[in-house]
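Trainee: Fold the following, please.
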Amino acid sequence: AIDEHVLLSCAARHGRACVRMAAVLVFVGLCIAHLTLATLPDRQLATAPRHLALPAAALGRRAVLAHEFAALLSDATLFGIPARGNIGVRQINTDQQATGSEVLIDGNLLDISVRQDYTHWLPSGSLVLAPADDVQIRFGFATIMRRPSFNNLSPTVQYPLNIGQAVNVGDPTLEPTKAKQYDLSLEYYFSKGSVLSLGYYYKDLESVIGKETIFNGICNPRAVDGNAGDPDLAKPTCTVGGQEGVLVNRISPVNLAGGTIEGLELAFQHRFKKLPSPFKHMGIMANYAYQNGSRDEFYTTPAFLRGDGEGEEFPLNFVGLSENSYNFQIWYEKKPWQARLKYTYRDSFLVSESIDIANGQPLYTDDRGQLNGSLSYEINKTFTVTLQGVNLTKERKVQPAVFDSGPIARMMDADRRITLGIRG
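Mentor: This next block holds a predicted model:
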């Protein structure tokens, strides 16, 4: 219920505007609780690589119980400004169980089963102010949660035959990640179908799920060491399930330290309706984003990368976070023709904190831009001829290791792709 002292204080200061705002506040959650019970069926979480015919698979079951309580604000005024919005809270209870088997070389199975049960309260709200007919101010906040994927939870171990390849092992004890986020934006609709907007957002992440390599951290009974007879080059030996093997690297998902992300977004969309033909059928869409991440996670360089044999710590940013990114699109639409040309760009970003192709070191993707285009002609109401071009400038994807300017670990050349077709 609404506190009567708060209402009386508000009414005394702002008069009828406050009373009207309170009158349209509808407490949906106190009257109707939305209850969702979704039980996911058993799912196969991991399958054997093609070169191994393993009979076992990991199964996962996750039950999610959600209660939603919400309040709605519409057709109201706040300090004389038209306002609308909502506020609410969601209670999420998750009961999950990850079950799998570690496959031994003789075919025997070692059963593993881990169950987790946790509850989170996730508040959220939004407010939209309209100080003018063509201007809107938006504010929002939310607490969000992301559960680990079933692949990350899978306890099943798969042993590759290659001694230089790490063994990927899931962690059924992974915890979900939570974050608090806030955003504020100003939108100016200067013409029908046209808008100029500026937004700011801030995210505070408690933790993230990343990758970690433990060198010589697991015994692989399937791999064969070609240097077994060389005391200087042979890998350390071990035993698992009564079978002899060699120690190899282990890569597992882990809960890593979180941090903060703040960013600015600038967007523009306009159609040139007032220009003479053919320009009045053209339009542009463009946006730019700046992101600054600060994370409580560090990477220690291996001693062999330094001449003095001592490692050094460097900060790691969030996976997938580019400091600068933008795209620009110009289009033409007048039946039966449609044409679009789009260029996208983003700065370098972290792909993984630890990955096998970089020998357990971080992997990045270098700065990259790409130009795409499309052209279509509508023959009739049923058929349309289409022509599409992807990566017209033939940009390569370069992925350096260790640092964003480090040695190249992988490079992919997708080349230019042109497609001609008929859509019906």
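
Trainee: which residues of the stretch 201-350 of the chain fall in strands?
Mentor: 237-240, 243-271, 282-295, 298-300, 313-315, 324-334, 337-346, 349-352 (DSSP state E, counting those that start in this stretch).

Trainee: Out of the ones you listed, the one nearest S207 is which?
Mentor: When the strands of the stretch 201-350 of the chain are compared by CB to CB, strand 243-271 sits nearest S207, at 4.5 Å. Yep, even glycine has a C-beta here, placed from its N, CA and C like the rest.

Trainee: Just want the angle from the closest one to strand 324-334.
Mentor: For strand 243-271 against strand 324-334, the angle by axes from the mean of the first three to the mean of the last three CA atoms, to 10 degrees is 50 degrees.

Trainee: which strands and helices sit next to strand 243-271?
Mentor: With contacts taken as 3 or more CB pairs under 8 Å, 6 or more residues apart in numbering; DSSP states H and E, strand 243-271 sits against strand 167-168, strand 177-191, strand 194-220, strand 237-240, strand 282-295.

Trainee: Strand partners (parallel or antiparallel) of the shortest one?
Mentor: Sheet partners assigned to strand 167-168 using DSSP bridges are listed as strand 243-271 (parallel).

Trainee: now swap in the second one and tell me
Mentor: As defined by DSSP bridges, the strand partners of strand 177-191 come to strand 135-146 (antiparallel), strand 194-220 (antiparallel).

Trainee: lowest-confidence stretch among those?
Mentor: Among those, strand 194-220 carries the lowest mean pLDDT, a mean of 93.

Trainee: Show me which positions of that one end up buried.
Mentor: By neighbour count on 16 or more other CB atoms under 10 Å, the buried set for strand 194-220 is 194-195, 197, 199, 201, 203, 205-213, 217-220.

Trainee: Run the chain-centre distance for it.
Mentor: Here the centre of strand 194-220 is set off from its chain's centre by 8 Å, with CA atoms, centre = their mean, to the nearest Å.

Trainee: Repeat that for stretch 135-150.
Mentor: Distance, centroid of stretch 135-150 to centroid of chain: 12 Å (CA atoms, centre = their mean).

Trainee: Stretch 140-153 too?
Mentor: Using CA atoms, centre = their mean, the offset of stretch 140-153 from its chain centre is 10 Å.

Trainee: With just CA atoms, put it into PDB.
Mentor: C-alpha atoms of stretch 140-153 as PDB (Å, rounded to 0.1, in the frame of the first residue of the first chain):
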ATOM      1  CA  GLY A 140      15.600   3.400 -16.100                       C
ATOM      2  CA  PHE A 141      17.200   1.100 -13.500                       C
ATOM      3  CA  ALA A 142      17.200  -2.600 -13.000                       C
ATOM      4  CA  THR A 143      19.000  -5.400 -11.200                       C
ATOM      5  CA  ILE A 144      19.600  -8.300 -13.700                       C
ATOM      6  CA  MET A 145      20.800 -11.800 -13.300                       C
ATOM      7  CA  ARG A 146      22.200 -14.300 -15.800                       C
ATOM      8  CA  ARG A 147      22.500 -18.000 -15.000                       C
ATOM      9  CA  PRO A 148      25.400 -20.100 -16.300                       C
ATOM     10  CA  SER A 149      24.800 -22.000 -19.500                       C
ATOM     11  CA  PHE A 150      24.300 -25.700 -19.400                       C
ATOM     12  CA  ASN A 151      27.600 -26.200 -21.300                       C
ATOM     13  CA  ASN A 152      29.500 -24.300 -18.500                       C
ATOM     14  CA  LEU A 153      27.800 -26.400 -15.800                       C
END
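
Trainee: List the buried residues for it?
Mentor: Judged by neighbour count using 16+ other CB under 10 Å, the buried positions of stretch 140-153 are G140, F141, A142, T143, M145, R147, P148, F150, N152, L153.

Trainee: List of residues touching it?
Mentor: By CB atoms under 8 Å, 6 or more residues apart in numbering, the surrounding residues in contact with stretch 140-153 are 43, 45-46, 58, 60, 62, 92, 94, 96, 98, 120-127, 170-172, 174-183, 209, 253.

Trainee: Could you give me the PyMOL syntax to select whichever of the residues you listed are buried?
Mentor: A single PyMOL command selects the buried members of these (16+ other CB under 10 Å):
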select buried, resi 45+46+58+60+62+92+94+96+98+122+124+125+126+127+170+171+172+174+176+177+178+179+180+181+183+209+253
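
Trainee: excluding its backbone neighbours, what's nearest the residue nearest to the spatial centre of the chain?
Mentor: Geometric centre of the chain, nearest residue: G320, 7.7 Å, by CA atoms, centre = their mean. Leaving aside its sequence neighbours, G320 sits nearest to F349 (CB to CB, 6 or more residues apart in numbering; 5.6 Å).

Trainee: Check R340 too.
Mentor: Closest residue in space to R340, ignoring its immediate chain neighbours: W331 at 4.5 Å, by CB to CB, 6+ apart.

Trainee: dump the residue contacts of the one you found.
Mentor: Neighbours of W331 in contact, by CB under 8 Å, 6+ apart: M282, G283, I284, M285, Q338, A339, R340, L341.

Trainee: Of the residues you listed, just the buried ones, ChimeraX syntax please.
Mentor: Here is the ChimeraX command that selects the buried residues among these (16+ other CB under 10 Å):
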select :282,283,285,338,339,340,341
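
Trainee: from the contacts of W331, which is closest to Y377?
Mentor: Comparing the contacts of W331 against Y377 with CB to CB places Q338 closest, at 8.0 Å.

Trainee: didn't the closest one look like it was pressed against G283?
Mentor: No - counting by CB atoms under 8 Å, Q338 sits too far from G283 to count as a contact (11.6 Å).
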